[in-house]
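K.L.:
Have a look at this prediction, sequence included:
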Amino acid sequence: MSNSNPDMNALGVMALELAGGQQPGKAVLPSEQAGELAALVGRDLAKLVPQVSGLDLVLAGAHFDPAEVLRPGWPIHRRLEELQMRAPGRNQGPRLLAFGSDANGEVPLPLQADPALIGGGLRVVPFVLAGDDAVLLGETREALEEVLLANGMAQPDTALLAQNAFAAQIEHARYFTVNDLAAMMAMQYDNQGLADLWPLLETAMFAPGQEQWLEAPPEPLLRYVDGEVRMALFDPAGWCAHYGHERDGCDRLQRIYDQYLMRQRQMAAVLEAHGLDVLYVHVHAGQDAKVLLGH
């Protein structure tokens, strides 16, 4: 897919690769500490892409699972944009805006990560580069796409601040655009045997108005349309018929059918982690699954 960012702002993350899978001790930074991290992030990015210094940098002082960022509509980045629009000082030059917990330690909703997605080896700290100069933004987006994936390592003092602030053991800290992050996740899913699922996720993120099927037997049958995924839920006889197994041998295939159901649950969990609703469509023997899914 082409442009992940149909509006003008540049969306990115600071990716924290955790050592030994140990989770950070702190989920959200106090506002002052978030500001310190944002200052170093802004410095790092401006060294890599000088145009960054002419834009607002808006940073979430919190870390998330990559799947929370890679969702249709880019909800976490959109929340940062909303906060940027409401922050004082517009039209007074580039601003550094960082958001963390309040004076009472309360965590505002935009910074609350999904507790069900804690445990992975990579956490991401989202940021937005925003401004009113469309030409500058376009140049910045293009430069970030060219530079960050190959050369986007955070400076040592930035990585150290992130490590201490989040109480984390960090092996690597680097910057990605959301396109870079999506490409990296696509490779990760490929390594996990989920390559066939990626086109649905990619369509949902980058071209949500389009339609995408997963039709690759023996994989589950899925259709992405209208912002949701419809998954065919076969009973044993319907599964046997759809996938061309001999009816007389269906009883002997119970273990394979059970593995198929486990595969469905795995795919549904991945889709839901990326913010997609999964609608199960029951299919019985003699019914056309593609018709039921709305072909």
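P.N.:
That came through, no problem.

K.L.:
Could you list the low-confidence segments of this structure?
P.N.:
1-7, 245-249, 251, 295 (pLDDT under 70).

K.L.:
Kindly tell me how buried Leu253 is, as a neighbour count.
P.N.:
The tally of other residues near Leu253 (other Cβ atoms under 10 Å) stands at 17. The way it works is simple: take the backbone N, C-alpha and C, and place the C-beta from them, glycine included.

K.L.:
Where does it sit: helix, strand or coil?
P.N.:
Using DSSP: H, G, I helix; E, B strand; the rest coil as the criterion, the local structure at Leu253 reads helix.

K.L.:
Thought Tyr243 was touching it, still the case?
P.N.:
No: look at Leu253 against Tyr243 with Cβ atoms under 8 Å: they stay out of range, at 9.3 Å.

K.L.:
middle-most residue in this protein, spatially?
P.N.:
Leu70 (1.9 Å; Cα atoms, centre = their mean).

K.L.:
For it, give me its contacts.
P.N.:
Contact analysis of Leu70 by Cβ atoms under 8 Å, 6 or more residues apart in numbering lists 178, 181-182, 185, 201, 205, 274.

K.L.:
Where do the strands of this protein begin and end?
P.N.:
Along the chain, the segments classed as strands by DSSP state E run 10-18, 56-60, 96-99, 122-130, 170-177, 212-214, 222-225, 228-234, 277-283.

K.L.:
Can you get me a residue count around Ala269?
P.N.:
So Ala269, with other Cβ under 10 Å, has 11 neighbours.

K.L.:
no no, Pro88
P.N.:
Neighbours of Pro88 (other Cβ under 10 Å): 7.

K.L.:
any idea how far it is from Asp258?
P.N.:
59 Å (Cβ to Cβ, to the nearest Å).

K.L.:
Quick one: the contacts of Leu70 as JSON lines, columns for distance to Met262 and neighbour count too.
P.N.:
Putting the contacts of Leu70 into JSON lines (distance: Cβ to Cβ, whole Å; neighbours: other Cβ atoms under 10 Å) gives the following:
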{"residue": "Val178", "distance to Met262": "31", "neighbour count": "22"}
{"residue": "Leu181", "distance to Met262": "28", "neighbour count": "23"}
{"residue": "Ala182", "distance to Met262": "26", "neighbour count": "20"}
{"residue": "Met185", "distance to Met262": "22", "neighbour count": "19"}
{"residue": "Leu201", "distance to Met262": "20", "neighbour count": "27"}
{"residue": "Met205", "distance to Met262": "26", "neighbour count": "22"}
{"residue": "His274", "distance to Met262": "19", "neighbour count": "21"}
